[in-house]
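J.: model this:
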Amino acid sequence: MADTGRLERPRGIAARAGSWSARHRWAAVGGWVLLVILALAVGSMTGRVDVSDSEQVPGESGRVSTILDEAGIDSAAGETVLIQAKGGGITANDPAFHKAVDAVISGVRDTGQVTALRSPYETKTISADRRSALVQFEMRGDPEKASEHIQPVLDAVDKAKDRHQDLRIEEFGDASGQKAFDDAFGDDFTQAEFSALPVALGILLIVFGALVAALLPVVLAMTAFLATTGLVAVVSHWVHMSDTANSVMLLVGLAVGVDYCLFYLRREREERAAGRDAQTALRIAAATSGRAVLVSGVTVIVAMAGMLFTGIAEFKAMGLATLMVVAVAMVGSVTVLPALLSLLGERVEKGRIPFLARAKRRGGGESRVWRTVLGPVLRRPKLSLALASGALIALAVPAVGMNTANLTLDQEFGDRLPVVTAYNHIDEAFPGGSDPAKVVVKADDIDAAPVRDALARFRTEAVAKGASKGPVEVTVHREQNVAVVEVPLIGGSDEGKAEKSLNVLRDEVRPATLGTVDGLDAPIGGSTASSKDFNDKLGSAVPPVFAFVVVFAFLLMLMSFRSLTIAVTSIVLNLLSVGAAYGILTAVFQHGWGAGLVGAEGVGAIVSWLPLFLFVILFGLSMDYHVFVVSRIREARLAGRNTKDAVVHGVVTTAGVVTSAAVIMVAVFSIFGTLSMQSMKQMGVGLAAAVLIDATVIRGVLLPAAMLLLGERNWYLPKWLRWLPDLAHDEPAPAQRPTALVGAPARLDADDRPRHARV
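T.: Numbers count the residues shown, from 1 in each chain. Prediction:
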């Protein structure tokens, strides 16, 4: 009996964790609840530290913020109100125009929220045709919080607009632009976050046909997210976080948390349906699906870690937050879930939805749809492989011409927001004036004659060299020995032209003027510069991040499945799905092909951060399905089936789970495709398309066709690689009865036995 006990002792981390949790179920559940409460409490006490402006942008633009921060100079939130004649008659010289300017100035001043209020008649900010003028001012207080206090000013400007309807009166600036963005961004993510949970729960109800079983994955995913929220707050004191990172953490946490629980729960139910007792079913689920969850989770974590190597604060925040939530969800799935299943027992079927529950019992553990699809794939594997690969390559072709850029306001929001219209009108009348380049000059003595001379020559040369039409304004902070120079760039909202003007400033004007003074630092920032510096840094980060993710995913697959062939095919198939997603994004959002079908527009570019973000997220998430399917195939192979039977068994028995998980992911990601911001639409469509392709074409056609053609070579591991650590740690699988081959007349019951073979 002692020998038998040793034989049945669980092997592998997942199996041991599941076995311990099932035996100590109250301790496991209580420990999880305590973890969530403690994490939230500690996180609340420490508070979250967010990425600062100087951290957000790399390069010269980041140095601009750093110099100003170190000098204690707050760049006040500047605002501009455009007063413009609608027709051709009235000009800035007319009394009606003067009255409108006075109404704006008095209304804005009366709010008590502004300072440095300047009339266009004093600053000469009147266009050459005398039809447009700018009232300029700054918001009082902390510029980071100016958007919270801008509403009274916006209301005052609207009142002036109502009283002078023959003139165009519009406001744009740092605070009003940020408020509009925050409102749109906040509304979008609130809609997405509140929609994601009901959608996921509804699909899980259909999948399981029982309320309790459907609630388990959602509850575990959300508790994992809550625990990680607290842990992230603590970690943010070393690696700063952001609201974007928090939203992405929710998105990924919900996706992987539900997936992992779904894999585990479906396997446990499948084993019980096959006649095994509850303890054995849990043990098998822990050793098989639990192991797949661990391998998949570690792969996702490695992929997310790739973001840490970008050197960009926002990406580092997203990478760390998402890998942490994946780690917590993974731990919860292999510990507290077995404990809950052991506690609930048959009660996991409570709240059955009658017609769905009956359909589940009739369907058993297999998918009839995928059995039908798999038939022709395995009968003609070469043709299936060629057609599916050709289709994905064709989808990926548009990505060759992908153009990435930071989207302008009108690209991001169209003309739906008043601030976008105001920005465009200001830029037309005063090119570059609404968003000038900012040169921060730091010297040992800002009043020294060489420095004053260099500043004067810089102002002159900026206009003479064609970078700006002026006026170039200089603000000197003598106590800090810092000067701030604002240069309206020729090109304005046209990013390509504005970037050429920026290059003239940086490469020609600055070296010939400010660059001649020893010890003087003069980085050039502003939104155009920030966009360029961000894209340059991102471009340099792409190769090492891609290499890191691919190499480490390859090594994990190699050590987890002990097969060079499976590791190579895993990478190739994932790259195909990512390439197809890139192609779809480019076709829809850059070229506008079929954009109307997803309520989008062809804006001529893909937002610059998205390709790298999608690669990391998709490479990680697609491993969920791959690991789960291949683990089941390998399990069948180790149980004595030949490769073809193992492929049939693995794909058919996992297809329902993979499809259910994919439907949840596609539904959640598609919510983002319905949001108002183009960047969010691009992210949602890209993620949804890639997951859909991955769960259907890749796992249902390419994977089985490739594995069937490779045959026994699927399990090839050269001798010179056998020294690698073995992460398989397989639980000895119970003997499995053969599954009827695809296309055979016999029908299968839930226990995998042909009806005509029953005894």
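
J.: So residue 663 versus residue 560, what's the distance?
T.: Applying C-beta to C-beta, to the nearest Å, the value for residue 663 to residue 560 is 26 Å. C-betas here are computed from N, CA, C, even on glycine.

J.: which of these two has more neighbours?
T.: residue 560 (27 against 19; other C-beta atoms under 10 Å).

J.: for the record, mean pLDDT for the helix or strand encompassing that one?
T.: Using DSSP states H and E, residue 560 falls within helix 527-561. Helix 527-561 shows a mean pLDDT of 86.

J.: sec struct for residue 439, please.
T.: strand (DSSP: H, G, I helix; E, B strand; the rest coil).

J.: Over to residue 136?
T.: With three-state DSSP as the criterion, residue 136 reads strand.

J.: quick one: contacts for it?
T.: Counting by C-beta atoms under 8 Å, 6 or more residues apart in numbering, residue 136 touches 78, 79, 80, 81, 116, 117, 118, 120, 123, 125.

J.: List of residues touching stretch 592-611?
T.: With C-beta under 8 Å, 6+ apart as the criterion, stretch 592-611 contacts 314-315, 402-407, 411, 414, 531, 534-535, 538, 542, 582, 585-591, 673-674, 678-679, 681-683, 685-686.

J.: about what we covered before: now go through the contacts of residue 136 and say which are in helices.
T.: 120, 123 (DSSP state H).

J.: For the nearest residue to residue 701 once chain neighbours are set aside, give me its contacts.
T.: Sequence neighbours aside, residue 388 is the residue nearest to residue 701 in space, at 4.4 Å (criterion: C-beta to C-beta, 6 or more residues apart in numbering). By C-beta under 8 Å, 6+ apart, the residues touching residue 388 are 697, 701, 702, 705.

J.: and if you look at residue 135?
T.: Contacts of residue 135 (C-beta under 8 Å, 6+ apart): 80, 81, 83, 101, 104, 105, 108, 117, 118, 119, 120.

J.: Tell me how many other residues crowd the first one.
T.: Number of residues near residue 80 (other C-beta under 10 Å) recorded here: 22.

J.: quick one, strands of this structure?
T.: Shown for the chain, the strands assigned by DSSP state E span residues 78-85, 114-118, 132-139, 167-173, 404-405, 437-442, 473-477, 482-487, 524-525, 606-607.

J.: Adjacent strands (with direction) for the fifth one?
T.: What it means is strand 404-405. Using DSSP bridges, strand 404-405 pairs in its sheet with strand 606-607 (parallel).

J.: Distance from the partner strand to the middle of the chain?
T.: 13 Å (C-alpha atoms, centre = their mean, to the nearest Å).

J.: residues near the closest residue to residue 409 other than its chain neighbours, how many?
T.: Among residues not flanking residue 409 along the chain, residue 420 sits closest, at 4.6 Å (C-beta to C-beta, 6+ apart). Residue 420 has 21 neighbouring residues, counting by other C-beta under 10 Å.

J.: ok, now which ones touch residue 420?
T.: Contacts of residue 420 by C-beta under 8 Å, 6+ apart are 180, 409, 410, 413, 414.

J.: circling back: highest average neighbour count across the strands of the chain: which stretch is it?
T.: strand 524-525 (a mean of 26; mean count of other C-beta atoms under 10 Å).

J.: For that one, what is the distance to the chain centroid?
T.: For strand 524-525, the distance to the chain centre is 28 Å (C-alpha atoms, centre = their mean).

J.: for stretch 210-226, same thing?
T.: Distance, centroid of stretch 210-226 to centroid of chain: 22 Å (C-alpha atoms, centre = their mean).

J.: Please apply the same query to stretch 138-148.
T.: On C-alpha atoms, centre = their mean, the centre of stretch 138-148 falls 29 Å from that of its chain.

J.: roughly how far apart are residue 322 and residue 232?
T.: Between residue 322 and residue 232 the distance is 10 Å, computed by C-beta to C-beta.

J.: so what's in contact with these two at the same time?
T.: Jointly contacting residue 322 and residue 232 under the rule C-beta under 8 Å, 6+ apart are 245, 249.

J.: These two - which one has more neighbours?
T.: residue 322 (29 against 23).

J.: returning to what we had before: so which of the contacts of stretch 592-611 belong to helices?
T.: 314-315, 411, 531, 534-535, 538, 542, 582, 585, 673, 678-679, 681-683, 685-686.

J.: who touches the nearest residue to residue 160 once chain neighbours are set aside in this structure?
T.: In this structure, residue 160 finds its nearest non-sequential neighbour in residue 103, 4.2 Å apart by C-beta to C-beta, 6+ apart. The neighbours of residue 103, taking C-beta under 8 Å, 6+ apart as the test, are 159, 160, 163, 164.

J.: Do a quick rundown of the helices in the stretch 551-700 of the chain.
T.: 564-585, 610-638, 643-673, 678-693 (DSSP state H, counting those that start in this stretch).

J.: Just the mean pLDDT for the last one, thanks.
T.: In this model, helix 678-693 has an average pLDDT of 86.

J.: which helices and strands does that helix pack with?
T.: helix 409-413, helix 564-585, strand 606-607, helix 610-638, helix 643-673 (3 or more C-beta pairs under 8 Å, 6 or more residues apart in numbering; DSSP states H and E).

J.: Of all these, which one comes closest to residue 36?
T.: With C-beta to C-beta, the closest approach to residue 36 among the helices and strands packed on helix 678-693 belongs to helix 643-673: 21.9 Å.

J.: Next, the angle from that closest one to helix 678-693.
T.: 160 degrees (axes from the mean of the first three to the mean of the last three C-alpha atoms, to 10 degrees).

J.: counting contacts, what elements does helix 643-673 pack onto?
T.: Applying 3+ C-beta pairs under 8 Å, 6+ apart, one finds that helix 643-673 contacts helix 174-208, helix 243-273, helix 368-379, helix 610-638, helix 678-693, helix 703-710.

J.: Now do the same contact list for residue 21.
T.: Residue 21 touches 28, 334, 335, 336, 337, 338, 339, 342, counting by C-beta under 8 Å, 6+ apart.

J.: Now do the helices in the stretch 1-150 of the chain.
T.: Using DSSP H, counting those that start in this stretch, helices in the stretch 1-150 of the chain cover 2-8, 13-23, 25-46, 53-56, 59-71, 95-110, 120-123.

J.: Contacts made by the third one with the rest, please.
T.: If I follow you right, that is helix 25-46. Contacts of helix 25-46 (C-beta under 8 Å, 6+ apart): 20-21, 223, 226-234, 237, 332, 335-336, 338-340, 342-343.

J.: so residue 294 sits right up against residue 331, yeah?
T.: No. Counting by C-beta atoms under 8 Å, residue 294 does not reach residue 331; the two are 9.4 Å apart.

J.: When the two are compared, which one has more neighbours?
T.: residue 294 (23 against 19).

J.: Can you tell me which helix or strand of the protein has the lowest average pLDDT?
T.: helix 2-8 (a mean of 42; mean pLDDT, DSSP states H and E).

J.: which residues of this structure score low on pLDDT?
T.: Along the chain, segments meeting pLDDT under 70 span 1-11, 53-54, 88, 185-193, 354-370, 415, 432-434, 492-494, 598-601, 727-759.

J.: number of nearby residues for residue 350?
T.: 12.

J.: just the one 3 residues further on next, same as before
T.: Number of residues near residue 353 (other C-beta under 10 Å) recorded here: 16.

J.: just the contacts of residue 388 now: which is nearest residue 548?
T.: residue 702 (25.0 Å).

J.: Distance check, that closest one against residue 395.
T.: The gap separating residue 702 from residue 395 is 13 Å, by C-beta to C-beta.

J.: Noted, bye for now.
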